[in-house]
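**Student:** Make a model of this:
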Amino acid sequence: MHELPAVEDLIRTLDEESENKGISEISEIHIVIGELSSYIGECVQMYFDFLSEGHSCENAKLVFHHKKARFKCSSCGHEFDHEKDFACPLCGGEGRIIKGTGKEFLISSIKTP
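**Tutor:** This is a model prediction of the structure:
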């Protein structure tokens, strides 16, 4: 249910962008969702389908791009994507999350007809 305000903000942003650029219709929206953001694509889609009616993004296709959290090894400094655990794939050292990664929820691009 926490997706509702995020989708409202998403549509508000798309409306502002449409108005600023003179866009009357948006056909496709690419959205990045970080694995730690707790947003679920299906829920975002459900709210978007309902709330986008009457907006420039009505009937637009949502394309989700899921982004992994990034870690940095405390032993060797290697940076890596989160996979199955937090161990460094090079040396086995402890990986520590790189602040801000994996929490994304943003529009990466839009397409018009």
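**Student:** and the longest helix along the chain, what does it pack onto?
**Tutor:** Assignment by DSSP state H gives helix 3-21 as the longest helix of the chain. When contacts are defined as 3 or more Cβ pairs under 8 Å, 6 or more residues apart in numbering; DSSP states H and E, helix 3-21 packs onto helix 41-51, strand 105-111. Heads up, the C-betas are built off the backbone N, CA and C, glycines and all.
**Student:** got the buried residues for the longest one?
**Tutor:** If I follow you right, that is helix 41-51. 44-45, 47-48, 51 (16 or more other Cβ atoms under 10 Å).
**Student:** what angle sits between the longest helix of the chain and helix 41-51?
**Tutor:** On the basis of axes from the mean of the first three to the mean of the last three Cα atoms, to 10 degrees, helix 3-21 is oriented at 60 degrees to helix 41-51.
**Student:** and the helix or strand just after helix 3-21, C-alpha only, in CSV?
**Tutor:** Next along the chain after helix 3-21, taking DSSP states H and E as the criterion, comes strand 28-34. Below are the C-alpha coordinates for strand 28-34, written out as CSV (Å, rounded to 0.1, in the frame of the first residue of the first chain):
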residue,chain,number,x,y,z
GLU,A,28,6.2,4.3,-22.3
ILE,A,29,7.8,5.0,-18.9
HIS,A,30,11.0,3.3,-17.7
ILE,A,31,11.2,3.0,-13.9
VAL,A,32,14.1,1.9,-11.8
ILE,A,33,13.3,0.0,-8.7
GLY,A,34,16.0,-0.9,-6.2
